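Enquirer: Test case, fold it:
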Amino acid sequence: MTERTILDQLSYKELPAVLVSATLPDDVPFGDDPLDELAALAESAGMYIVGKAYQNVEHINPRTYIGKGKVGEVARLVEETEAAVVIFDHELRPNQQNALEDEIKANVIDRTELILAIFNQNVRTRQAKVQVQLAQAEYELPRLKNLWTHLERQRGGLGAVGGAGERQIETDRRLLRKRITKLKKELFEIGKRRVIEVERRHELFQVSIVGYTNAGKSTLMNALTGEGVFTEDKLFATLDTRTCVWKLPDHKVLLSDTVGFIRDLPHRLVASFHATLEEVLHADLLLHVVDASHPAAVEMVEAVNGVLKEVGAEDRRTLMVFNKVDRVGDQPTLTHLHNLFPEHMDVSARTGVGLRELADKVQEVVEERETALDWTFSAGNGKLLAYLQQHGKILNLEYEDSQVHVKALIEPRYYGPAAAMKDG
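Expert: Model prediction:
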């Protein structure tokens with residue numbers, strides 16, 4: 001086996017890769033080719049695909065995940081294509097990974113390790129870096145056996161060496177657990193600050209964009225706000241939450257973009273990114289962006305809903321936004337999505353189709369929550385009038401002698417302060 005750790009394999013750029021999928025009888029099909037998404041992930045990491053292997057199995061082989069004959073087939077494919085890495089579209093146990101490498105004679109990684117590598121390439125902020133480092137360390141902890149020689153090179157970043165008689169593997173485990181504890185503590189502190197930041201924004205209606213990775217969330221945010229949010233046509237191009245002001249026809253709301261979701265997202269990643277997903281938990285409205293042109297659009301919706309449930313946001317008011325409708329060639333497909341999700345909007349963030357209608361719809365949602373007021377007060381109370389103009393929607397305004405008569409809509413959160421100004 002080629003000894004290595006995930007710390008040594010965070011960059012897979014320009015490596016030839018073979019993909020492997022094992023399908024169980026109860027597995028739900030995801031698109032036309034079960035390896036399409038894994039191929040997109042590998043390409044996002046910088047690899048190029050030189051071969052694929054499929055197997056329908058009744059049960060998982062406890063030693064090698066796939067059957068012995070298929071292992072031999074993959075080994076021959078690796079030799080023929082000179083592949084440097086084999087990627088399984090599943091999470092492998094450490095003993096399975098070791099056994100596969102012994103027989104295939106190449107590095108073997110699983111879906112989780114690949115996603116971690118992509119995350120590591122794309123992190124920008126300190127929060128995202130800590131989240132990824134924590135997920136990497138937790139993934140690596142059970143995989144330390146026979147890998148300590150590589151961790152020795154990393155020891156400067158992990159801590160001091162223990163007593164002379166301590167077994168090396170136990171030393172490494174202790175150091176890695178210490179690192180995990182430190183990262184969790186730092187992430188907890190970051191999370192507390194983020195909660196405070198999010199709660200400070202309560203004065204504005206908050207909208208969060210959620211969706212499957214590469215559904216066009218950041219492109220949509222740019223189109224709606226004019227902000228220069230980073231976009232790229234690959235999976236997990238952005239990992240950091242970005243919040244901007246979105247100006248609707250008669251309102252201003254806060255719009256936040258969040259990390260993209262994916263099916264079978266490892267639990268440790270969901271847990272690590274929980275602080276980032278605080279935006280979702282505090283949102284007044286979720287825009288669930290779906291790539292309507294993708295053959296597995298429905299399955300993508302289900303995957304996102306699963307993660308939302310896991311973080312406790314399944315009850316948030318949600319508007320489905322079917323993006324990339326300019327690429328939908330099969331109208332019955334779009335009709336099927338409409339029937340499944342009646343509250344929806346069709347848009348194309350790339351061409352601008354439907355964006356004005358989306359803004360109008362979100363404004364309707366904002367105004368559904370508003371309280372209608374019909375007040376008469378002194379025309380000299382300019383502070384109250386300015387407050388209503390800033391935080392509400394003036395429907396009618398009339399002056400009569402020294403009085404002003406106002407009909408307006410205002411969110412419940414602003415009604416109390418306005419009433420105090422009127423009665424004070």
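Enquirer: which helix is the longest one in the protein?
Expert: helix 168-200 (DSSP state H).
Enquirer: So for that helix, what gets flagged as buried?
Expert: 171-173, 175-176, 179-180, 183-184, 187, 190-191, 194, 198 (16 or more other Cβ atoms under 10 Å). From N, CA and C alone the C-beta is placed, and that goes for glycine too.
Enquirer: Which SSE is immediately downstream of that helix?
Expert: Next helix or strand after helix 168-200 toward the C-terminus (DSSP states H and E): strand 205-211.
Enquirer: Tell me who's in contact with Glu411.
Expert: By Cβ atoms under 8 Å, 6 or more residues apart in numbering, the contact set of Glu411 is 205, 366, 369-371, 391-392.
Enquirer: now swap in Glu37 and tell me
Expert: 30-31, 89, 262-263.
Enquirer: now, which of the residues you listed sits nearest Ala379?
Expert: Ile262 (57.8 Å; Cβ to Cβ).
Enquirer: Shouldn't Val132 be within a helix?
Expert: Yes. Counting by DSSP: H, G, I helix; E, B strand; the rest coil, Val132 is located in a helix.
Enquirer: was I right about it contacting Ala117?
Expert: No. Contact criterion Cβ atoms under 8 Å: Val132 and Ala117 do not qualify, at 9.7 Å.
Enquirer: coming back round to it: now the two most distant members of the contacts of Glu411.
Expert: Maximum distance among those (Cβ to Cβ): 13.8 Å, for Phe205 and Thr371.
Enquirer: Between the two, tell me which one has more neighbours.
Expert: Each of Phe205 and Thr371 has its neighbours counted (other Cβ atoms under 10 Å); Phe205 has more, 25 against 13.
Enquirer: so the more buried one bridges to which residues?
Expert: On the basis of DSSP bridges, Phe205 is bridged to Val253.
Enquirer: residues contacting it?
Expert: So Phe205 contacts 251, 253-254, 284-285, 366, 369, 411 (Cβ under 8 Å, 6+ apart).
Enquirer: can those go into TSV with extra columns for secondary structure?
Expert: Below are these laid out as TSV (three-state DSSP):
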residue	secondary structure
His251	coil
Val253	strand
Leu254	strand
Asp284	coil
Leu285	strand
Val366	helix
Arg369	coil
Glu411	coil
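Enquirer: still on that earlier bit, so which of the contacts of Glu411 is the most crowded?
Expert: For the contacts of Glu411, neighbours tallied by other Cβ under 10 Å; top is Phe205, 25 neighbours.
Enquirer: Give me the buried entries from the contacts of Glu37.
Expert: Looks like these have 30, 89, 262-263 buried, using 16+ other Cβ under 10 Å.
Enquirer: any idea which of those residues is the one closest to Phe377?
Expert: Ile262 (54.0 Å).
Enquirer: which other helices and strands contact the host helix or strand of Asn98?
Expert: Assigned by DSSP H and E, Asn98 belongs to helix 94-104. Packing partners of helix 94-104 (3 or more Cβ pairs under 8 Å, 6 or more residues apart in numbering; DSSP states H and E): helix 68-81, strand 85-88, strand 107-110.
Enquirer: So, low pLDDT: which residues of the stretch 101-250 of the chain?
Expert: 123, 145-167, 194-203, 228-240 (pLDDT under 70).
Enquirer: just the stretch 301-424 of the chain next, same as before
Expert: For the stretch 301-424 of the chain, the ranges with pLDDT under 70 are 424.
Enquirer: what's the most distant pair in the contacts of Glu37?
Expert: Gly31 and Ile262 (12.9 Å).
Enquirer: Setting aside sequence neighbours, what's the nearest residue to Gly46?
Expert: With sequence-adjacent residues excluded and distances taken as Cβ to Cβ, 6 or more residues apart in numbering, Gly46 is closest to Lys13, at 3.3 Å.
Enquirer: Who are the contact partners of the one you found?
Expert: 45-47 are the contacts of Lys13 under Cβ under 8 Å, 6+ apart.
Enquirer: Just the closest of the buried residues of helix 168-200 to Ala349, please.
Expert: After measuring those against Ala349 - Cβ to Cβ - the closest member comes out as Val198, at 24.9 Å.
Enquirer: In terms of helix, strand or coil, where does the residue nearest to Gly46 fall?
Expert: Once three-state DSSP is applied, Lys13 turns out coil.
Enquirer: How about the one 4 residues further on?
Expert: Assigned with three-state DSSP, Ala17 falls in the strand class.
Enquirer: Quick check: beta-bridge partners of it?
Expert: Applying DSSP bridges, one finds that Ala17 bridges with Ile49, Val85.
Enquirer: Double-check it against Glu82; I have them as touching.
Expert: No. Counting by Cβ under 8 Å, Ala17 stays clear of Glu82, with 11.1 Å between them.
Enquirer: Widest-spaced pair of the contacts of Phe205?
Expert: Leu254 and Arg369 (14.9 Å).
Enquirer: Confirm that Val301 sits in a strand.
Expert: No. Counting by three-state DSSP, Val301 is not part of a strand but helix.
Enquirer: For it, the count of nearby residues, please.
Expert: 19.
Enquirer: same check, this time on the one 3 residues further on
Expert: Counted with other Cβ under 10 Å, the burial measure for Val304 works out to 25 neighbours.
Enquirer: Now it: closest residue in space that isn't a chain neighbour?
Expert: Nearest to Val304 is Phe261, by Cβ to Cβ, 6+ apart, at 4.7 Å.
Enquirer: how near is that neighbour to Val311?
Expert: Distance, Phe261 to Val311, using Cβ to Cβ, to the nearest Å: 10 Å.
Enquirer: same deal with Val270?
Expert: For Val270, the distance to Val311 - Cβ to Cβ - is 7 Å.
Enquirer: Switch the contacts of Glu411 over to a markdown table; also include distance to Glu400.
Expert: Converted to a markdown table, the contacts of Glu411 look like this (distance: Cβ to Cβ, whole Å):
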| residue | distance to Glu400 |
| --- | --- |
| Phe205 | 33 |
| Val366 | 30 |
| Arg369 | 31 |
| Glu370 | 25 |
| Thr371 | 24 |
| His391 | 24 |
| Gly392 | 21 |
